[in-house]
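A.B. asks: All I have is the shape, not the residue letters:
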């Protein structure tokens, strides 16, 4: 998969099937669009292209009275996931206040048609783009009739009668319902980041942990608590136990951290990039009256993790 970061870099190809959107989370609803994109490009012997944005448009257009934007995927995570889908190309559009002023019609005429090239466009059921979200299906169809491309709306994907959306997934992650979030995503929720040096308390206590700093401050961490996780290091798929939270037994922190204890791993991994997959919520984070009580709970947490790992390895539901 080729990744471009500018309209000036991508080769013009009029035989291109494309789709455009933020695609935060790359959830099953997005996959519905991407599968259709790949199918139509194969039928037409055309290049397929996905256009996405960085930073997230809502971050650039953030209003002071609105809560911070929460990302399901950083741009690095999104590119990683897209690589698995074997698309022909991805264009990451640098989003800015200036870019936000471009009208939908100008965007289509000057950038999609003249710079990129397009023969067919796939749009989501509720997608619109351009200044004031003018770029909807009707406008695109009218422009397509004039400029020589066709437009197709992807069918909506539902789960138990409800549309799958990034908003619903964010809500599930914030509440600690990782099982539901993963079901809507179609894969375990990911947090990628660099391993940074902590206070070393875990190693002194015989429970070494990797402190992972997400690559983007807007990245959502799951609800504070203990989770079964997995990570790939040096080609090994490793299970582990993560704590998201403020570590109230030992600190007075107010900002949640992600700490991961990997089972069967004892090497130092400072400054390495690690991607953690959240598999199951184990329990809420809480304060213990003593280190002894804390470790008694850790033993129980590990046992719960190992029971789930055994089910995973046997292909059973967990």
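C.D. replies: Nice, thanks for sending it over. Keep in mind that what you see is a predicted model, and the values were worked out from it rather than measured.

A.B. asks: Stretch 247-260 spans what distance, first to last residue?
C.D. replies: The straight-line separation of the ends of stretch 247-260 (CA to CA, to the nearest Å) is 13 Å.

A.B. asks: before we move on, what about stretch 279-292?
C.D. replies: Taking CA to CA, the first and last residues of stretch 279-292 lie 27 Å apart.

A.B. asks: For it, list every residue counted as buried.
C.D. replies: Buried residues in stretch 279-292, counting neighbours by 16 or more other CB atoms under 10 Å, are found at 279, 280, 281, 282, 285. C-betas here are computed from N, CA, C, even on glycine.

A.B. asks: partners of the one helix or strand the third one maps to in the sheet?
C.D. replies: Looking back up the chat, that one is residue 281. Using DSSP states H and E, residue 281 sits in strand 273-284. Here strand 273-284 has these sheet partners by DSSP bridges: strand 189-196 (antiparallel), strand 225-233 (antiparallel).

A.B. asks: any chance of those strands in JSON lines, with mean neighbour count, distance to residue 138 and mean pLDDT too?
C.D. replies: JSON lines is the format used below for the strands paired with strand 273-284 (neighbours: other CB atoms under 10 Å; distance: least, CB to CB, whole Å; pLDDT from 0 to 100):
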{"stretch": "strand 189-196", "mean neighbour count": "20", "distance to residue 138": "36", "mean pLDDT": "96"}
{"stretch": "strand 225-233", "mean neighbour count": "21", "distance to residue 138": "45", "mean pLDDT": "95"}
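
A.B. asks: now these in a markdown table, with distance to residue 305?
C.D. replies: Listed next are those as a markdown table, based on distance: least, CB to CB, whole Å:
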| stretch | distance to residue 305 |
| --- | --- |
| strand 189-196 | 17 |
| strand 225-233 | 5 |
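
A.B. asks: among these, which is nearest residue 294?
C.D. replies: Among these, the nearest to residue 294 by CB to CB is strand 225-233 (11.5 Å).

A.B. asks: next structured bit after that closest one?
C.D. replies: Past strand 225-233, the next helix or strand by DSSP H and E is strand 236-245.

A.B. asks: so the nearest residue to residue 82 once chain neighbours are set aside bridges to which residues?
C.D. replies: Leaving aside its chain neighbours, residue 82 sits nearest to residue 90 (5.5 Å; criterion: CB to CB, 6 or more residues apart in numbering). For residue 90, the beta-bridge partners are residue 3, residue 50 (DSSP bridges).

A.B. asks: How many residues are close by residue 90?
C.D. replies: Neighbourhood size, residue 90 [other CB atoms under 10 Å]: 22.

A.B. asks: just residue 61 next, same as before
C.D. replies: 12.

A.B. asks: what about it, distance to residue 50?
C.D. replies: 22 Å (CB to CB, to the nearest Å).

A.B. asks: And the chain, what are its domain boundaries?
C.D. replies: 2-157, 177-313 (automatic domain parsing).

A.B. asks: wait, which of these is closest to residue 166?
C.D. replies: Smallest distance to residue 166 across the domains of the chain (CB to CB): 4.9 Å, for domain 2-157.

A.B. asks: chain center to that closest one, what's the gap?
C.D. replies: Taking CA atoms, centre = their mean, to the nearest Å, one finds domain 2-157 lying 16 Å from the centre of the chain it belongs to.

A.B. asks: mean confidence for it?
C.D. replies: For domain 2-157, mean pLDDT is 93.

A.B. asks: helix, strand or coil for residue 208?
C.D. replies: Under DSSP: H, G, I helix; E, B strand; the rest coil, residue 208 falls in the coil class.

A.B. asks: Out of the strands paired with strand 273-284, the one nearest residue 313 is which?
C.D. replies: Using CB to CB, the nearest of the strands paired with strand 273-284 to residue 313 is strand 225-233, at 11.6 Å.

A.B. asks: which residues are contacting the closest one?
C.D. replies: For strand 225-233, contacts defined as CB atoms under 8 Å, 6 or more residues apart in numbering pick out 176, 178, 188, 237-245, 260, 262, 265, 269, 272, 274-285, 301, 304-305, 308-309.

A.B. asks: from the middle of its chain, how far away would that strand be?
C.D. replies: Strand 225-233 has its average C-alpha position 16 Å from the chain's average C-alpha position, going by CA atoms, centre = their mean.

A.B. asks: Could you figure out how far that strand is turned away from strand 236-245?
C.D. replies: On the basis of axes from the mean of the first three to the mean of the last three CA atoms, to 10 degrees, strand 225-233 is oriented at 150 degrees to strand 236-245.

A.B. asks: Pull the contacting residues for residue 3.
C.D. replies: Residues in contact with residue 3 (CB under 8 Å, 6+ apart) are 79, 89, 90, 91, 92.
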